[in-house]
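Visitor: Please find the sequence and the predicted model below.
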Amino acid sequence: METLKELAAKDEPFFLRVSFHAPHVPCRVPREYFIDPGTIALPLPSKEELKSKPRFERENLHIYAGGLDLTKEQIGICRGTYYGMVSLVDAQVGRLVECLKKAGLMNNTIIAINSDQGFQLGEHGLWKKRVFYEQNVCVPFIMSCPGLLPSGKVVDEPVETIDFLPTLMELSGIDVPNSIRGRSLTPLIRGEVKEWRPACFSEIDHSYSMYEELRGGTGRRVMVRTKEWKLIYFMDERVKDKDGALYNLKKDKDEKENLYNKPQYKDIIRELEKLAEKWDKGK
C-alpha cells in the first residue's frame with residue numbers, strides 16, 4: 001500500500017506487481033474470513049463416477065492427494081478455509097483499488113489479476129492440483145481499465161495464459177515481438193472478433209515430479225480442450241497405456257462420465273489427438 005501511494009504521487013507511468021501466496025497450502029485463514037461450509041455447494045463423487053476414472057487418478061493421484069477418507073466435517077473445514085483465503089485476497093485487492101480511486105488513477109490504470117492454477121476441494125475424490133479438471137485448469141483472468149476496455153464484458157471463448165502477457169503489452173502501448181506464442185486478447189475483449197482458437201492445451205510431465213507416487217509408471221500427460229470436448233491422456237512414448245479421459249463439456253459440465261473407453265467416441269478422440277500433435281509441433 002505504501003509503495004502504491006508513493007508511485008501514485010509521482011507524475012510518471014508505473015508498474016507494480018503484487019503477489020499473494022494465498023490461496024495455497026498451508027491452508028490457514030483468520031477466523032473472521034472463514035466461510036460457512038453450509039454455503040459451499042461442491043459435488044462429491046459417487047462410486048459409479050470413480051469407477052470410470054483413469055488409472056492414474058484412481059491410483060497415483062489418490063495416493064498423492066485423495067480425500068475420500070475424510071469426514072463430512074473435515075471436508076467442510078477444508079473448503080471453508082480455502083474459500084476464506086480467497087475472500088482474504090479479495091479484500092486486499094480491494095484496498096489497492098481504493099488507493100487508486102483516492103489518487104484519481106482508476107481510469108488510467110490497467111488492473112490485471114491472474115493465478116497459476118486452480119485447486120481441487122474433493123471434487124472427483126481429489127485434492128490440490130496436478131489434474132486437468134476445470135477446477136484446476138480454469139484460473140482467475142480479470143482485467144480492468146475503463147479508458148481502454150469495456151465494463152462488465154465476459155469472454156466465453158477458451159483462452160490461454162500465454163495470451164496474458166501480449167494483452168498487457170498491447171494495452172500498455174508496447175510492441176509485441178513475434179517470439180511470443182500468445183496473442184493479445186484485446187480484439188476478443190472489444191468484440192472485434194467472435195472466435196479465437198479451436199482448442200486450448202495444458203501439460204505436465206509427472207516423471208519430473210517431486211512426489212514419488214506421481215513418478216511411477218507415468219510421464220507427460222496432456223489436455224486438449226475445445227468448447228465441447230476435453231481429452232486427457234499420456235502423450236509419452238515411455239508410457240504404453242494412454243490411460244485417457246474424454247468428457248463432453250456441453251452435456252457433462254461436471255466431468256463425471258469418462259467416455260474414453262466407449263467405441264462410439266474413437267473418431268472424436270482421434271481428432272482431438274491430431275490437434276494435440278499439431279500443437280506439440282508448434283503449429
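Guide: Thanks, I have the structure now.
Visitor: how about the helices of the stretch 101-250 of the chain, start to end?
Guide: Assigned helices in the stretch 101-250 of the chain, in chain order: 134-137, 164-171, 186-189, 212-215 (criterion: DSSP state H, counting those that start in this stretch).
Visitor: Can you redo these as a markdown table, where the extra columns are mean neighbour count and distance to K72?
Guide: C-beta here means a position set from N, CA and C on the backbone, and glycine is covered the same way. Putting these into a markdown table (neighbours: other CB atoms under 10 Å; distance: least, CB to CB, whole Å) gives the following:
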| stretch | mean neighbour count | distance to K72 |
| --- | --- | --- |
| helix 134-137 | 19 | 19 |
| helix 164-171 | 18 | 38 |
| helix 186-189 | 17 | 42 |
| helix 212-215 | 15 | 26 |
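Visitor: Between the ones you listed, which one is closest to N107.
Guide: Closest to N107 of these, according to CB to CB: helix 164-171, at 13.5 Å.
Visitor: could I have that closest one exported to PDB, CA atoms only?
Guide: What follows is helix 164-171, C-alpha atoms only, in PDB (Å, rounded to 0.1, in the frame of the first residue of the first chain):
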ATOM      1  CA  PHE A 164      -1.900 -12.700 -20.800                       C
ATOM      2  CA  LEU A 165       1.500 -11.000 -21.400                       C
ATOM      3  CA  PRO A 166       0.800  -9.800 -25.000                       C
ATOM      4  CA  THR A 167      -2.500  -8.500 -23.900                       C
ATOM      5  CA  LEU A 168      -0.900  -6.400 -21.200                       C
ATOM      6  CA  MET A 169       1.800  -5.300 -23.700                       C
ATOM      7  CA  GLU A 170      -0.700  -4.000 -26.300                       C
ATOM      8  CA  LEU A 171      -2.800  -2.200 -23.700                       C
END
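Visitor: Identify the residues contacting that helix?
Guide: 110, 112, 114, 141, 143, 145, 148-149, 175-176, 180, 182-186, 189 (CB atoms under 8 Å, 6 or more residues apart in numbering).
Visitor: if we can go back for a sec, of the helices of the stretch 101-250 of the chain, which is nearest E12?
Guide: Nearest to E12, of those and by CB to CB, is helix 164-171 at 17.8 Å.
Visitor: domain parsing for the protein?
Guide: According to automatic domain parsing, the chain comprises the domains 159-194, 197-278.
Visitor: how about these in TSV, adding distance to R130 and mean pLDDT?
Guide: TSV is the format used below for the domains of the chain (distance: least, CB to CB, whole Å; pLDDT from 0 to 100):
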stretch	distance to R130	mean pLDDT
domain 159-194	17	92
domain 197-278	6	96
